[in-house]
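Trainee: how does the following fold in three dimensions:
(one chain, ligands or ions: 2)
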Amino acid sequence: MADDVITIFDTTLRDGEQSPGCSMNTAEKLEVAKALVELGVDVIEAGFPIASPGDFEAVQKIAQKFGDRTVICGLARCRREDIDRAWEALKGAEKTRIHVFLATSSIHREHKLKMDKHEIVDAAVEMVKRAVDYCPDVEFSPEDAARTELDFLCEVVEKTIDAGATTVNIPDTVGYATPSQFRHVIAHLKENVSNIDKAVISAHCHNDLGLAVANSLASVEAGARQLECTINGLGERAGNAALEELVMAVRTRADYYGCRTNIKTSKLYPTSRLISHITGMQVQRNKAIVGQNAFAHEAGIHQHGMLQERTTYEIMRPQDVGFVGTNLVLGKHSGRHAFRDRVESLGYDLEDASLQQAFDDFIALADKKKEIYDADIVALIDNRLGKQPTGWKIVSLHTSAGTGAVPTATLEMRYEEDEEVRCDAATGDGPVDAVFCALERITGISARLHDYQVRSVSSGKDAQGEVSVEINVKGKLYHGRGVSTDIIDASAQAYLNALNKSLPENDQRSESVVTENVTV
Ligand code: KIV
Ligand code: ZN
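Mentor: Ligands and ions are numbered 1, 2, ... in the order given. All right, here's what the predicted structure looks like:
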């Protein structure tokens, strides 16, 4: 077995969360952190503590809760107040890291920072030392390293290692690098930085040219032993390198890379689903490793080959990544025992109350749908995952629509367990629009629909529909999701889920206070 271990540094909660519309509240971040710990990531970059009180709180809570199992990292610019704030959030936890960054490329030096090379080196060294005074595990990132002059990059890396950095991360901040060029950057550092063996070299690649994973893997060939990545490749613009792709490339081609990771690969698919569920960011069907089609063989010749010998057309098994297909599993008469076994084999570890809830949902679904697939069960469980926002609930929903008729929705709702049931009706362009208008009338929240997507969870005319929406309420984006065999009902659930998230009692997000010097 390959024994050269690659450290997996997950930045879903920091760089990933910076994706437009992907911000999460503290409860959601804690849930993601738990999944990342269970997945086996080595370092979780939990946030940027100085950016906002919400970020600070999330890093602090994640450090307190999971800092005994996984290294929890907080990001800081090369500023005293950033580093102090990062440490304030992390202190008390067992395994912590401060990640300090400062841009080094000429474009950033001249136009953004207005600092010369000496000033950059001095600031980086001083701030790495400050971080080391708090915490022995310090990472330094020369932002936009891939566009930095190589001799200057070597100087910065050497001096920050001297100052105590234990990891030097080489970011391709704007996704400009190509694989052989990036390999050369890492190889050059290995050859020309005298103290390079005192630190771990890391790669942090963005995907603007679709090369983030290729560039990260090229860095491994040259000696990088930490990879920074996000689940589903979430991240600013085109995103970061996708964790699941890196991990499975290293594992499937261990013959070539001679390395391994600590990731429990059978948790990749459930973790991908969770992140997609929480952020509302759908995974494209043909996405490598975790897309719905990733293991589907359509061509007859492939199917024939697979029946003779799986490896003719399959380099990984679906179960290696915990992939859940559409295999038929249960029906109306399957008992609780069979249900629990199935849920466990799908990678869920539910407490008794959640299992009971899932079983009740399953029985209700079995009344509407003859055949229940793995994907249906996953959708039911995901739909209940996490802390549901408090707020409005639908008591009854009625719609009417048809050619020549005015689409109308009539709704009865109550706020939490209030006695009072409020009733209202609205018309719209279609039945879904009418439902959305009626929901807004009763809740008193006015929202703008940004995105609406519906997909079928499994196959067949009676399949469940999964609706995800993104809405804008007072300038902030919220995601919602709903699942039902009736897509109008699923749409209502999704819209209400998003509206409830915007209620002040659920929305702990605060505006970022960092407005300059952050392009990450
Ligand atoms: O892309 C980037 O340069 C970053 C750094 C903070 C590592 O995210
Ligand atoms: Zn980044």
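Trainee: how about the residues of this structure near ligand 1?
Mentor: Neighbours of ligand 1 within the chain, by CB under 6 Å from any ligand atom: 15, 101, 141, 143, 169, 171, 173, 204, 206, 520. All C-beta atoms are positioned from the backbone trio N, CA, C, and that covers glycine.
Trainee: state the pair within those that is farthest apart.
Mentor: Farthest-apart pair in the residues of the chain next to ligand 1 is 101 and 206; separation 13.9 Å (CB to CB).
Trainee: hmm, back to that, inside strands: which ones of the residues of the chain next to ligand 1?
Mentor: 101, 141, 143, 169, 171, 204 (DSSP state E).
Trainee: ok, and which of these reach ligand 2?
Mentor: Among those, no residue sits close to ligand 2 (CB under 5 Å from the ion).
Trainee: out of those, which is nearest to residue 191?
Mentor: residue 169 (18.6 Å).
Trainee: run through who's touching stretch 81-98.
Mentor: Outside of stretch 81-98, the residues within contact range by CB atoms under 8 Å, 6 or more residues apart in numbering are 43, 47, 49-50, 56, 59-60, 63-64, 67-76, 99-100, 127, 130-131, 134-135, 137-139, 167.
Trainee: quick one: mean pLDDT over that stretch.
Mentor: Mean per-residue pLDDT for stretch 81-98: 98.
Trainee: now stretch 408-419
Mentor: For stretch 408-419, mean pLDDT rounds to 94.
Trainee: ditto for stretch 337-352
Mentor: Average pLDDT, stretch 337-352: 82.
Trainee: any idea which element residue 262 lies in?
Mentor: Using DSSP states H and E, residue 262 sits within no helix or strand.
Trainee: so what's the residue count around it?
Mentor: Number of residues near residue 262 (other CB atoms under 10 Å) recorded here: 14.
Trainee: so where do the helices sit in the stretch 401-520 of the chain?
Mentor: Per DSSP state H, counting those that start in this stretch, the stretch 401-520 of the chain carries helices over the ranges 431-443, 487-501.
Trainee: the shortest one packs against which elements?
Mentor: It refers to helix 431-443. Contacting helix 431-443 under the criterion 3 or more CB pairs under 8 Å, 6 or more residues apart in numbering; DSSP states H and E are the following elements: strand 392-400, strand 408-415, strand 422-427, helix 487-501.
Trainee: which of the ones you listed is buried the deepest?
Mentor: The highest mean neighbour count among the helices and strands packed on helix 431-443, using mean count of other CB atoms under 10 Å, belongs to helix 487-501: a mean of 24.
Trainee: which helices and strands does it pack with?
Mentor: So helix 487-501, by 3+ CB pairs under 8 Å, 6+ apart, packs with strand 392-400, helix 431-443, strand 448-456, strand 465-473, strand 476-484.
Trainee: centre of the chain to that helix, how far?
Mentor: Offset of helix 487-501 from its chain centre (CA atoms, centre = their mean, to the nearest Å): 22 Å.
Trainee: can I get the CA coordinates of it in CSV?
Mentor: Output of helix 487-501 as CSV, limited to C-alpha atoms (Å, rounded to 0.1, in the frame of the first residue of the first chain):
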residue,chain,number,x,y,z
ILE,A,487,-44.1,18.9,-7.6
ILE,A,488,-46.4,21.7,-6.5
ASP,A,489,-46.2,20.5,-3.0
ALA,A,490,-42.4,20.1,-3.3
SER,A,491,-42.2,23.7,-4.7
ALA,A,492,-44.2,25.0,-1.8
GLN,A,493,-42.0,23.2,0.7
ALA,A,494,-38.8,24.5,-0.9
TYR,A,495,-40.1,28.1,-1.1
LEU,A,496,-41.3,28.0,2.5
ASN,A,497,-38.0,26.5,3.6
ALA,A,498,-36.1,29.4,2.1
LEU,A,499,-38.6,32.0,3.5
ASN,A,500,-38.3,30.6,7.0
LYS,A,501,-34.5,30.7,6.7
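Trainee: follow-up on the earlier one: can you tell which of the helices of the stretch 401-520 of the chain is closest to ligand 2?
Mentor: With CB to the ion as the criterion, ligand 2 lies closest to helix 487-501 of the helices of the stretch 401-520 of the chain, at 26.1 Å.
Trainee: circling back to that earlier point, redo the residues of the chain next to ligand 1 as CSV? Include pLDDT and neighbour count.
Mentor: Converted to CSV, these look like this (pLDDT from 0 to 100; neighbours: other CB atoms under 10 Å):
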residue, pLDDT, neighbour count
15, 96, 24
101, 98, 26
141, 98, 26
143, 98, 26
169, 98, 26
171, 98, 25
173, 98, 24
204, 98, 33
206, 98, 26
520, 40, 20
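Trainee: okay, the helices of the stretch 401-520 of the chain in TSV with distance to ligand 2 and mean pLDDT next?
Mentor: Formatted as TSV, those follow (distance: least, CB to the ion, whole Å; pLDDT from 0 to 100):
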stretch	distance to ligand 2	mean pLDDT
helix 431-443	35	97
helix 487-501	26	94
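Trainee: right, and these - which one's nearest residue 408?
Mentor: So among the helices of the stretch 401-520 of the chain, helix 431-443 is nearest, using CB to CB, at 5.6 Å.
Trainee: need the strands for the stretch 1-150 of the chain, in chain order.
Mentor: Here the stretch 1-150 of the chain has its strands, by DSSP state E, counting those that start in this stretch, at 4-5, 7-10, 43-47, 71-77, 96-103, 138-143.
Trainee: tell me the most buried of these?
Mentor: Among those, judged by mean count of other CB under 10 Å, the one packed with the most neighbours on average is strand 43-47 (a mean of 29).
Trainee: now that strand - C-alpha only, CSV.
Mentor: Extracted C-alpha coordinates of strand 43-47, given in CSV (Å, rounded to 0.1, in the frame of the first residue of the first chain):
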residue,chain,number,x,y,z
VAL,A,43,-7.6,19.9,8.4
ILE,A,44,-10.9,21.9,8.3
GLU,A,45,-10.6,25.5,7.4
ALA,A,46,-13.6,26.6,9.3
GLY,A,47,-13.7,30.3,8.3
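Trainee: which neighbouring elements make contact with that strand?
Mentor: strand 7-10, helix 26-39, helix 53-66, strand 71-77.
Trainee: now those in JSON lines, with distance to ligand 2 and mean pLDDT?
Mentor: Shown next, in JSON lines, are the helices and strands packed on strand 43-47 (distance: least, CB to the ion, whole Å; pLDDT from 0 to 100):
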{"stretch": "strand 7-10", "distance to ligand 2": "11", "mean pLDDT": "98"}
{"stretch": "helix 26-39", "distance to ligand 2": "17", "mean pLDDT": "95"}
{"stretch": "helix 53-66", "distance to ligand 2": "15", "mean pLDDT": "97"}
{"stretch": "strand 71-77", "distance to ligand 2": "10", "mean pLDDT": "98"}
